[in-house]
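**Q** All I have is the shape, not the residue letters:
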């Protein structure tokens, strides 16, 4: 069922933000990575619905990795986010409007 999975991803993203604020950087990265994994799966099945969420989550993951000094991993997440955003840009207008709403 896709609804609980996307809610889990959203909750993991929130958890990652809170963990970062309290100094639990490694746990924050784990939570953000799990959220990205869920959103990757959902985005493969329904890209118009979940690609924007995936790109946002990847940006957050890249920031957390960069702050922790994990530059190569941060670069990979940032590059993936750019690819997702570029794919959204190239989507036909009705699909892009749906994905960005």
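**A** Thanks, I have it. These numbers come from a predicted model, not from an experiment. Numbers count the residues shown, from 1 in each chain.
**Q** I figured residue 54 was touching residue 84, is that so?
**A** Yes: counting by Cβ atoms under 8 Å, residue 84 is a contact partner of residue 54 at 5.5 Å. For glycine as for every other residue, the C-beta is placed from the backbone atoms N, C-alpha and C.
**Q** Which strand or helix spans the residue nearest to residue 12 when sequence neighbours are not counted?
**A** Distances taken as Cβ to Cβ, 6 or more residues apart in numbering place residue 35 nearest to residue 12, at 3.8 Å, with adjacent residues excluded. Per DSSP states H and E: residue 35 is located in helix 25-45.
**Q** Quick one: name whatever helix or strand follows that helix.
**A** Once the chain leaves helix 25-45, the next helix or strand it forms, by DSSP H and E, is helix 47-67.
**Q** Return the per-residue confidence for residue 59.
**A** Looking at residue 59, its pLDDT reads 96.
**Q** for it, what are its contacts?
**A** 77-78, 81 (Cβ atoms under 8 Å, 6 or more residues apart in numbering).
**Q** Now do the shared contacts for residue 54 and residue 84.
**A** residue 43.
**Q** I'd say residue 60 and residue 15 touch.
**A** No: here residue 60 does not reach residue 15: they are 11.4 Å apart, not a contact under Cβ under 8 Å.
**Q** Identify, from the contacts of residue 59, the entry nearest to residue 49.
**A** residue 81 (17.2 Å; Cβ to Cβ).
**Q** Can you list the buried residues in the helix or strand encompassing that closest one?
**A** Taking DSSP H and E as the definition, one finds residue 81 inside helix 71-90. Neighbour-count burial for helix 71-90 flags 73-74, 77-78, 80-81, 84-85, 88 (criterion: 16 or more other Cβ atoms under 10 Å).
**Q** Next, the angle helix 47-67 makes with that helix.
**A** Note on geometry: by axes from the mean of the first three to the mean of the last three Cα atoms, to 10 degrees, helix 71-90 and helix 47-67 are set 150 degrees apart in direction.
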